[in-house]
Each structure stands twice: as structure tokens, then as C-alpha cells.
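Asks: mind looking at a prediction? Sequence and model below.
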Amino acid sequence: MVHHVEHVGGGAVFTIDRQEKRNAVNDELMEALSAAVDLAASDGTLRFFAVTGAGDAAFCSGGDLSEFHLLKTAEEAAPMLGKMADILLRMSRLPMPVIALVNGHAVGGGCEIATACDYRLVRNTARCGYIQGTLAITTGWGGASHLFVKTGNHAGALRMLTESKVHTAQALLETGWATETFDGDPEAALNRFTERLGAIHPTVLRAYKQAAVRKWDALGLESMIREEVAECARLWAADAHHEAVDRFLNKKK
Ligand SMILES: CC[C@H](C(=O)O)C(=O)SCCNC(=O)CCNC(=O)[C@H](O)C(C)(C)COP(=O)(O)OP(=O)(O)OC[C@H]1O[C@@H](n2cnc3c(N)ncnc32)[C@H](O)[C@@H]1OP(=O)(O)O
């Protein structure tokens, strides 16, 4: 199995479990996350939906380069990019708080998964960044669009995307990307955070989440994501991207 789902504290926790590849996302994982999001959307009792990574090294290292490097043209890349962008959009619109429990490194598409959540609890040992620029592409799963509609720190957001670096948990807290930072056990950090949600009736949590979804709709988030996917697919086809991916895949051979 590439994932597992536990129900704790009235919520559902989806764990990406491909530790041998730092929890990289492949099509099997996309299908699993899509099914988990559909289940959460139809469960009126859920107080929250959380995503995390197995192990201590990584939350998610983004797309599985050993699989996705086989996609060469924009026409070949666009369906994969669009599929994950749609799953993350549906996850972001779930009628309950959506929490990224960032247990380890969240880079590339992994950072995009966390950005599609309402809250980001970041372990102090984790490093997070939209490193797609180092591969000569942009975010391709909606990460830039989610970031721009959610943040009040435009300069900080544009810098995170254009610098394509990884950042410490403390730096992410200062820019407002991280909601909270924590040490030690991720599940304990999640429990501390969600306990505070427990005092309020779920119908209130859902009503406020719908207010956020209305804002994103008013801003045209869905069409922003479609344009982002198309742009990433165009850049994907360039030699600069394929050469950068080859360098990563050949680095240890
Ligand atoms: C698909 C598009 C999507 C988007 O644009 O939206 C993207 O995500 S593009 C970005 C894709 N991701 C990356 O470029 C990140 C690559 N990985 C890393 O930078 C590091 O692995 C890191 C920082 C996540 C962890 O570093 P660490 O030193 O702890 O581990 P290693 O680098 O030694 O990796 C261990 C092992 O995992 C394999 N690995 C790691 N990340 C990926 C990945 N994304 N796809 C496939 N395989 C990955 C790595 O090759 C090593 O394998 P091994 O066989 O042991 O050499």
C-alpha cells in the first residue's frame, strides 16, 4: 500500500507511505488520495481532514520523477498535472478544516499539497519549498494559485515561488506559510491543534469553511489552476526541464 487512512479525534488522517522515494506521488497515490477525498466529502461527521507523510524524513517529495520523467511533451504531461490539480482542488474545498501535518520535507508538488490545505503544522526539522524552478518548470498541481488566493503576503509568496529554495519551519512561520511549528511527535501536534476545534459545533466550522470557498470561487481559483497547469505543461516539454530531471535521476548512479 502507498497510503493509509486513520480516524482520530473525529477526523481522518491520510498518510502518504512511499518512504523509499521520500513519499513521492505516483498515479497509484493520486487515485488513493482522490478516493479518500471523495469519502471525506460524503462524511457529514468528519471534524477535519489531514494529510501527512510516513516516516520522519519527508512529508512528500512531489511528483515521482522516476515515473513522470517518461512524460516528454506538453500533451503527455498535462493529464497528469491536471489530475493531481483537480484532486487538490477538491481536497481544498472539503467542507471541514483541511490540515497539512508536515512531518518532514515538503518540496515541489509536496509543497503544493500542503498549500492546498487550510492549515500547515510544520515540524521544526522539516524544510519546505516550491523547488520546481530548479527543474525549469513552475508549480503544476495548483500550488501557485492556492498560494496567491490564500496569502496576504504577496511579496513573500512570489519570493517563495521564484527563488525555488527550501525554507526552515521558523522562516515559514514568519512568512505566514506555516500555521504553527512543532517538535517531536506529529500526531501529538495534530491532536493539540484539533482539540481547539473540538469546542465549536461542527456546523460552525463548516459554515466558515464555505465562506472561504466562496471567496476562492469569486477570485476564480479553478480557472487560475487550469491556466497554471497549462503553463507548467508547456514548460515541461522544454529541454531545460528534461535535462534537470535527468541530472537528479543520475546523481547517484
Ligand atoms: C511532477 C510535477 C510536480 C510539480 O511540478 O507540481 C513536482 O513535484 S516537480 C518536483 C519533483 N520533486 C523533486 O525534484 C524533489 C526531489 N527530491 C529531493 O530533492 C530530495 O530527495 C529530498 C529533499 C526530498 C530528500 O532528500 P534526502 O537526502 O533525504 O533523500 P534522497 O535525495 O537521498 O532521496 C532518497 C531516495 O528517494 C528518491 N526520491 C526522492 N525524491 C524523489 C522524487 N520526487 N521522485 C522519485 N524519487 C525520489 C531518491 O532518488 C532516492 O532514491 P535512491 O534509489 O535511494 O537513490
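Replies: Cool, got the structure.
Asks: all strands of this structure, in order?
Replies: 3-8, 11-16, 49-53, 58-60, 98-102, 105-107, 119-123, 127-129, 167-168, 180-182 (DSSP state E).
Asks: so of these, which one's packed in deepest?
Replies: Of the strands of the chain, the one with the most neighbours on average (mean count of other CB atoms under 10 Å) is strand 58-60, at a mean of 29. All C-beta spots, glycine's among them, are computed from the backbone N, C-alpha and C.
Asks: what's the spacing between that strand and its chain's center?
Replies: Here strand 58-60 is found 10 Å from its chain centre; the criterion is CA atoms, centre = their mean, to the nearest Å.
Asks: for stretch 70-80, same thing?
Replies: 20 Å.
Asks: count of neighbours near Asp183?
Replies: 10 (other CB atoms under 10 Å).
Asks: which residue packs closest to it, ignoring adjacent ones?
Replies: Closest residue to Asp183 apart from its sequence neighbours, by CB to CB, 6 or more residues apart in numbering: Asn124 at 5.3 Å.
Asks: could you measure from the one you found over to Gly104?
Replies: According to CB to CB, to the nearest Å, Asn124 and Gly104 sit 11 Å apart.
Asks: quick check: His105 touching Cys128?
Replies: Yes - counting by CB atoms under 8 Å, His105 does reach Cys128; the two are 7.1 Å apart.
Asks: anything in contact with each of these two?
Replies: 59, 166 (CB atoms under 8 Å, 6 or more residues apart in numbering).
Asks: which bits of this protein sit near the ligand?
Replies: 21-22, 24, 57-58, 61-66, 68, 105, 107-109, 112, 131-132, 135, 137, 139-141, 232, 248, 252 (CB under 6 Å from any ligand atom).
Asks: which of those are buried?
Replies: Neighbour counting with 16 or more other CB atoms under 10 Å marks 21-22, 24, 58, 61-65, 68, 105, 107-109, 112, 131-132, 135, 137, 139-141, 232 as buried within these.
Asks: tell me which of those fall in helices.
Replies: Among those, the residues falling in helices (DSSP state H) are 65, 68, 109, 112, 232.
Asks: find the nearest non-adjacent residue to the fourth one, please.
Replies: Leaving aside its chain neighbours, Glu112 sits nearest to Gly143 (3.0 Å; criterion: CB to CB, 6+ apart).
Asks: what of the third one?
Replies: Take Gly109 and drop its neighbours on the chain: the residue closest to it by CB to CB, 6+ apart is Gly62, 3.6 Å away.
Asks: local confidence estimate at the one you found?
Replies: We have a pLDDT of 98 for Gly62.
Asks: which phi and psi does it have?
Replies: Torsion angles at Gly62 (phi, psi; degrees, to the nearest 10) stand at phi 90, psi -160.
Asks: how far away is Leu89 from Val98?
Replies: 11 Å.
Asks: one more: Glu28?
Replies: 22 Å.
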